[in-house]
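Visitor: Have a look at this prediction, sequence included:
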Amino acid sequence: MPALNFPFAQWRCPFIVLLALTCAMLTEGAPAQDVQIITLAGQKQMLDKPGTAPAGARNPDVTIVEYFDYNCPFCKNQVPALQSLLAQDPKIAILYKDWPILGEVSVYAASSALAARWQGKYLMAHDALIKGPRLAKDEQVDATLQGAGVDMAALNKDRTAHAKEIRALLERNDEEAHALTLQGTPGLVVGRQLVGGIADLGALKKLVASARQGK
């Protein structure tokens, strides 16, 4: 399949207005890093019809959004903390936003995972790719997904039939990431708190607690 060559960093202004950022420090006892607070309108737009099913609670009180690339080593290092949090906290959900910024194979991997959505296997595809080794060729993506139980014949058809929708979702995620002024992957939004880079399990728990307190 040809790469989805859409122009990254060409985002539209309305979203950044809704995601106006203000710097804030976490309170005493919270993680050491600075956070930024997004607006309520920005959070609503980010979560509205995201195109993929979240992992975790069906009716969460806190949603974590992660902007990631399947070939990002830092995103892979973030996986254990996120999965531990999911296992320990039944009231959270994690919404993964594919943001392939590390080359054509990353775009192919993201589009393939998103195509798995039409057979109800996006999260299966996501977990297989993010936990796997670095992807150097498209064939590795296909082999990884097939090994995880994805129907590749159906996926190839859906990747073609829904190419426009997949492209639109990747462009939307790119717009959002730039509106958030993310400098790379991963980018985490916990409730309305934006943290660029990796957050360990302790930091995530404190961010979730702060989100629940409305801070």
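Guide: Yes, it's here.
Visitor: alpha carbons only for contacts and neighbour counts from here, please
Guide: OK.
Visitor: And for the closest residue to Y122 other than its chain neighbours, the neighbour number?
Guide: Closest residue to Y122 apart from its sequence neighbours, by Cα to Cα, 6 or more residues apart in numbering: A116 at 5.0 Å. Using other Cα atoms under 10 Å, A116 has 24 neighbouring residues.
Visitor: Who are the contact partners of A116?
Guide: Counting by Cα atoms under 8 Å, 6 or more residues apart in numbering, A116 makes contact with Y122, A125, V150, L155, D158.
Visitor: Skipping adjacent residues, who's closest to N77 in space?
Guide: I198 is the one closest to N77 (Cα to Cα, 6+ apart), at 7.8 Å.
Visitor: So what does the one you found have for phi and psi?
Guide: Dihedral angles of I198 (phi, psi; degrees, to the nearest 10) stand at phi -80, psi 140.
Visitor: again with A55
Guide: When quoted as degrees, to the nearest 10, the phi and psi of A55 stand at phi -90, psi 150.
Visitor: ok, and H126, which helix or strand is that part of?
Guide: helix 122-131 (DSSP states H and E).
Visitor: residue ranges for the strands of this protein, please.
Guide: 22-25, 34-37, 55-56, 62-68, 92-98, 187-190, 193-196 (DSSP state E).
Visitor: Which other helices and strands does the second one contact?
Guide: The one in question is strand 34-37. Under the contact criterion of 3 or more Cα pairs under 8 Å, 6 or more residues apart in numbering; DSSP states H and E, strand 34-37 touches strand 22-25, strand 193-196.
Visitor: any idea of the mean pLDDT in stretch 182-199?
Guide: What stretch 182-199 shows for mean pLDDT is 93.
Visitor: re earlier: how about the strands of the chain in CSV, adding distance to L129 and mean neighbour count?
Guide: Below are those laid out as CSV (distance: least, Cα to Cα, whole Å; neighbours: other Cα atoms under 10 Å):
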stretch, distance to L129, mean neighbour count
strand 22-25, 34, 12
strand 34-37, 28, 19
strand 55-56, 15, 18
strand 62-68, 12, 23
strand 92-98, 12, 23
strand 187-190, 18, 25
strand 193-196, 22, 22
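Visitor: closest one to L170 among the ones you listed?
Guide: Across the strands of the chain, L170 has its closest neighbour in strand 92-98 (6.7 Å, Cα to Cα).
Visitor: Parallel or antiparallel, which strands does the closest one pair with?
Guide: Note on strand 92-98: by DSSP bridges, its sheet partners are strand 55-56 (antiparallel), strand 62-68 (parallel).
Visitor: buried ones in stretch 167-187?
Guide: Within stretch 167-187, the residues that qualify as buried are 167, 169-180, 182, 184-187, counting by 16 or more other Cα atoms under 10 Å.
Visitor: same thing with stretch 149-165?
Guide: V150, M152, L155, D158, R159, A163.
Visitor: if I look at the second one, how far off is V141?
Guide: Between M152 and V141 the computed distance is 11 Å (Cα to Cα, to the nearest Å).
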